[in-house]
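S.K.: Test case, fold it:
(2 chains)
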Amino acid sequence: MSLNVYNTLSGKKEVFVPIHEGKVGMYVCGPTVYDTSHIGHARSVVVFDMIYRWLTRLNYTVTYVRNFTDVDDKIIKKSNETGDSCTTITEKYIDEFHNEMDALNVLRPTMAPKATEHIRHIIEFIQMLISKGKAYHVEGGDVYFSIDSFGEYGKLSGRNPDDMRAGARIAVDEKKQSPLDFTLWKPAKQGEPSWESPWGKGRPGWHIECSAMSYEYLGESFDIHGGGKDLIFPHHENEIAQSEAIFGCQFVKYWIHNGFVDINNEKMSKSLGNFTMIKEVLANYSPEVIRLFLLSKHYRSPIDYNEDSMQEISLGLDRIYAFLERLEGTNMVLETETLGALWEGFAEAMNDDFNSAKALGLVFEAVKKGNKLLDRTHNAPEPKGCETLAQVYADIRSISGILGIFLKDPTEYFKTKKAKGVADMAIDPAMVEDLIVQRATARREKNFARADEIRDQLQAMKIVLEDGPQGTIWRVE
RNA sequence: GGCGGCUUGGCCAAGUGGUAAGGCAUCGGCCUGCAAAGCCGACAUUCUCCAGUUCAAAUCUGGAAGCCGCCUCCA
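M.R.: Numbering: from 1, shown residues only, chains lettered A, B, ... in the order given. Sure, this is the predicted structure:
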């Protein structure tokens, strides 16, 4: 089955055929680095990380570009508020972004360019637009893109410029030829970051950097452009206008947009004060739980972040690791070169517009079947069963490489989890071990009242005991 | 006002016109001294509602209701 991708431009799933055989050019809009990143940024980055990994797995040579917007009104505002220079601010948040994304096991893109390092390209791009009559320079130093010079304006977002003019909420700027014209270059005020240009000292508008940088790294025309749904209009619409107005060919073949993360069924917003930052989430949940959560729903749908969901996801992850640990605990040979039925199903799900939710369902299903087989045969299946289980094991390990989860050694995983629980709950392991020994004695003496008393006592501290053939183990609930 | 999306069991969630994956929870059973974990079984005659197309609809068409997003910085 070939890869099918939902294209915002057509509103349909389409068979993915790259412009150049065997190669994929992908550009994803990265953050404006003026503040800490939130869980919504994480979703976008994780989703496109999965897409990047899958394309690579399909043997495409992928050039993946994700930019940093490091010149912007919001950065300047922050600089004025804090007294820090814009560079200090942007460097700080770029570092933070990289650290958090590394923690989330996100692969670095091929290139992560910054707008400020491409001012020359941006200026050249604007000059091309002006010389083609697609943009104009006005008194005061502003340069605007002329909407009316681009007949297909609105094709990505399905908007009609006339309707928008009628319902425009923005105060009309006298200097613009049309109220919908947008800024390519704006003159700098005193103390703001600025660069010399044919129109005087100034700085680029927001949309132009992506057109200029994608052209620089991927050319006039490339395969995939992605970002959050909110970027469809005006950002991506404007990028299309800029790039296609100059080059006259299709800018991007496939537009991919991810849905939002809601917090307790509400949109994240400043007024609600419910911005949930990645660092907060990382403080409470392991990176794997976060990734699993972000991939547990199809990338285009909204996803709701709340404590209950995270708990649930966390239990699900335990289940997978428990199965892997169980397999590793048998005498079976788990190495196998071939890929099996689970992988096949997984590949089909990924090829169907990166359906990670479906893919995860398949993994759970395989785990259920595997557990059943192990149970029925007391952990020692017939050769045929061993083969099946080895296959499932290998398939899950391969899937790890795409989803970026289930990568740890299961024993390590549970050890780490336990250690975290112990630390969080301020539990004294020696005390727990001691109580377990006392309980073992009580049990041997058939003093079950005492044994249960100890267990209840530990339960009250969120410590759960599991009696197995090798003795009693404990974990933090 | 313009454009787009969503509505599947208690909750989360896949679903490709062919007769409802999966997870969490719940209830029985196996196991256990009793539990826990794991396993087995039960759990949507039905997919917001109405009408239509079809041999066949959660899936297609039309209509209604509710919810949400974008149109202003936003992943």
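S.K.: going forward, measure contacts and count neighbours with C-alpha atoms only.
M.R.: Fine.
S.K.: Residue A:186 looks like it's in a strand, true?
M.R.: Yes: counting by DSSP: H, G, I helix; E, B strand; the rest coil, residue A:186 falls inside a strand.
S.K.: Let me see the contact set for the closest residue to it other than its chain neighbours.
M.R.: Setting aside the residues directly before and after it, residue A:186 is nearest to residue A:142 in space (CA to CA, 6 or more residues apart in numbering), at 4.6 Å. The contact partners of residue A:142, taken as CA atoms under 8 Å, 6 or more residues apart in numbering, are A:183, A:184, A:185, A:186, A:187, A:199.
S.K.: how about those in JSON lines, adding pLDDT?
M.R.: Compiled in JSON lines, these are given as follows (pLDDT from 0 to 100):
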{"residue": "A:183", "pLDDT": "94"}
{"residue": "A:184", "pLDDT": "96"}
{"residue": "A:185", "pLDDT": "96"}
{"residue": "A:186", "pLDDT": "94"}
{"residue": "A:187", "pLDDT": "94"}
{"residue": "A:199", "pLDDT": "95"}
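S.K.: Could you dump those into a markdown table and include distance to residue A:321 and neighbour count?
M.R.: Below are those laid out as a markdown table (distance: CA to CA, whole Å; neighbours: other CA atoms under 10 Å):
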| residue | distance to residue A:321 | neighbour count |
| --- | --- | --- |
| A:183 | 52 | 19 |
| A:184 | 51 | 25 |
| A:185 | 53 | 25 |
| A:186 | 54 | 20 |
| A:187 | 57 | 20 |
| A:199 | 60 | 17 |
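S.K.: For residue A:70, what are phi and psi?
M.R.: Per-residue torsions, residue A:70: phi -120, psi 20 (degrees, to the nearest 10).
S.K.: do the one 5 residues further on as well
M.R.: Comment: the main-chain dihedrals of residue A:75 come out as phi -70, psi -40, following degrees, to the nearest 10.
S.K.: Any idea how many residues pack against the residue nearest to it when sequence neighbours are not counted?
M.R.: Spatially, and ignoring its direct neighbours in sequence, residue A:75 is nearest to residue A:34 (5.0 Å; CA to CA, 6+ apart). Residues within reach of residue A:34, counting by other CA atoms under 10 Å, total 24.
S.K.: isn't there a helix covering residue A:34?
M.R.: No: counting by three-state DSSP, residue A:34 is not part of a helix but coil.
S.K.: any idea how far it lies from RNA strand B?
M.R.: 9 Å (CA to the nearest atom of the strand, to the nearest Å).
S.K.: Correct me if wrong: that residue contacts residue A:78.
M.R.: Yes: if you go by CA atoms under 8 Å, residue A:34 and residue A:78 touch, sitting 7.0 Å apart.
S.K.: for the stretch 1-150 of chain A, what spans make up the strands?
M.R.: Remark: strands assigned in the stretch 1-150 of chain A by DSSP state E, counting those that start in this stretch are A:4-7, A:12-15, A:23-28, A:61-66, A:135-137, A:143-145.
S.K.: ok, now the stretch 151-300 of chain A?
M.R.: Applying DSSP E, counting those that start in this stretch to the stretch 151-300 of chain A gives strands spanning A:182-187, A:202-204, A:222-228, A:252-258, A:261-263, A:266-267.
S.K.: What count of nearby residues applies to the residue in the stretch 101-250 of chain A that RNA strand B sits nearest to?
M.R.: Per CA to the nearest atom of the strand, residue A:228 is where the stretch 101-250 of chain A lies closest to RNA strand B, at 2.4 Å. Look at residue A:228: counted by other CA under 10 Å, it has 20 neighbours.
S.K.: What separation is there between it and residue A:355?
M.R.: Distance of residue A:228 to residue A:355, given as CA to CA, to the nearest Å: 17 Å.
S.K.: One more: residue A:238?
M.R.: Here residue A:238 is placed at a distance of 29 Å from residue A:355 (CA to CA).
S.K.: So between those two, which is more surrounded?
M.R.: More crowded of residue A:238 and residue A:355, by other CA under 10 Å: residue A:238, with 25 against 20.
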